[in-house]
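A.B. asks: I'd like to go over a predicted model; first the sequence, then the structure.
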Amino acid sequence: IYAIEIANSMIACSTKYKKALIVGVEKLSCITDWNDRNTCVLFGDGASAILLEKRNGYNDVGGILASKLASNGDFADILQVPAGDSELPLNHELLEKKQNTIKMEGQEVFKLAVNEMAKACKQVISETGIAVGDIRWFIPHQANKRIIEAVGSRLGIDPQRVYVNLQKYGNTSAASVGIALDEIVRNKLVNRGDYILVTAFGSGLTWGATLLKW
């Protein structure tokens with residue numbers, strides 16, 4: 001979501017560039033502690049790519065209608081890889097303690113993820129004036145089923161319009177929304193003019209939402 005918004009802004013302001021390729025990739029298996037049941041059963045590896053194109057003369061092409069991006073570093077410690085960067089380089093002791101793997105405070109992440117994704121979604125819906133009932137697909141970050149259901153419920157979106165592929169891939173983090181979007185296109189589940197609401201949440205902590213018109 002973050003890369004899409006940045007790329008879209010660059011294209012919109014540029015007279016030279018007409019296209020941007022956005023790629024989201026995660027290989028979380030490299031930083032997973034397979035003995036930590038709080039995290040190892042959740043994550044998966046994945047990749048997705050989206051091509052944005054600036055087009056003129058197509059009045060019915062909506063594209064990106066509204067976006068909301070936010071972050072709060074005060075909560076960085078609840079979802080992180082503690083060691084392995086310039087601040088805390090790896091050594092034998094840290095490797096023994098598996099400080100180069102994902103650490104997560106599940107309950108805190110759940111509360112923040114639900115609250116902030118729901119607020120971001122409500123903001124972009126409000127900005128565009130689109131009715132919730134007019135949204136064809138809600139594609140949330142595929143974190144876990146409880147988070148997805150809670151956000152969908154707060155927005156009042158019909159569960160039949162909430163796209164979920166978590167059961168197939170796990171949480172692929174930065175790739176998850178792109179993979180889900182690709183699947184609805186490949187399976188011909190979206191038509192020209194449909195509204196699609198996407199949202200994501202991740203370490204940092206960071207979150208955002210984007211409303212698209214297909």
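C.D. replies: That came through fine.
A.B. asks: buried sites along stretch 157-165?
C.D. replies: 157, 161-165 (16 or more other C-beta atoms under 10 Å). Heads up, the C-betas are built off the backbone N, CA and C, glycines and all.
A.B. asks: One more: stretch 133-153?
C.D. replies: So for stretch 133-153, counting by 16+ other C-beta under 10 Å, buried means 135-144, 147-148, 150-152.
A.B. asks: Now for Gly84: which residues touch it?
C.D. replies: Gly84 makes contact with 90, 99-100, according to C-beta atoms under 8 Å, 6 or more residues apart in numbering.
A.B. asks: roughly how far apart are it and Gly46?
C.D. replies: Gly84 sits 21 Å away from Gly46, going by C-beta to C-beta, to the nearest Å.
A.B. asks: Looking at the buried residues of stretch 133-153, which is nearest Gly208?
C.D. replies: Distance ranking of the buried residues of stretch 133-153 against Gly208, using C-beta to C-beta, places His141 first at 9.5 Å.
A.B. asks: What does the pLDDT read for that closest one?
C.D. replies: Predicted confidence (pLDDT) for His141: 95.
A.B. asks: do the same with Ala20
C.D. replies: According to the model, Ala20 scores 87 on pLDDT.
A.B. asks: on contacts alone, who are the packing partners of the host helix or strand of it?
C.D. replies: If you go by DSSP states H and E, Ala20 is part of strand 19-26. Using 3 or more C-beta pairs under 8 Å, 6 or more residues apart in numbering; DSSP states H and E, the elements in contact with strand 19-26 are helix 2-13, strand 46-53, helix 176-186.
A.B. asks: circling back to that earlier point, are any of the contacts of Gly84 buried, and which?
C.D. replies: Counted by 16+ other C-beta under 10 Å, the contacts of Gly84 give 99-100 as buried.
A.B. asks: Of the contacts of Gly84, which belong to helices?
C.D. replies: Among the contacts of Gly84, no member is found in helices (DSSP state H).
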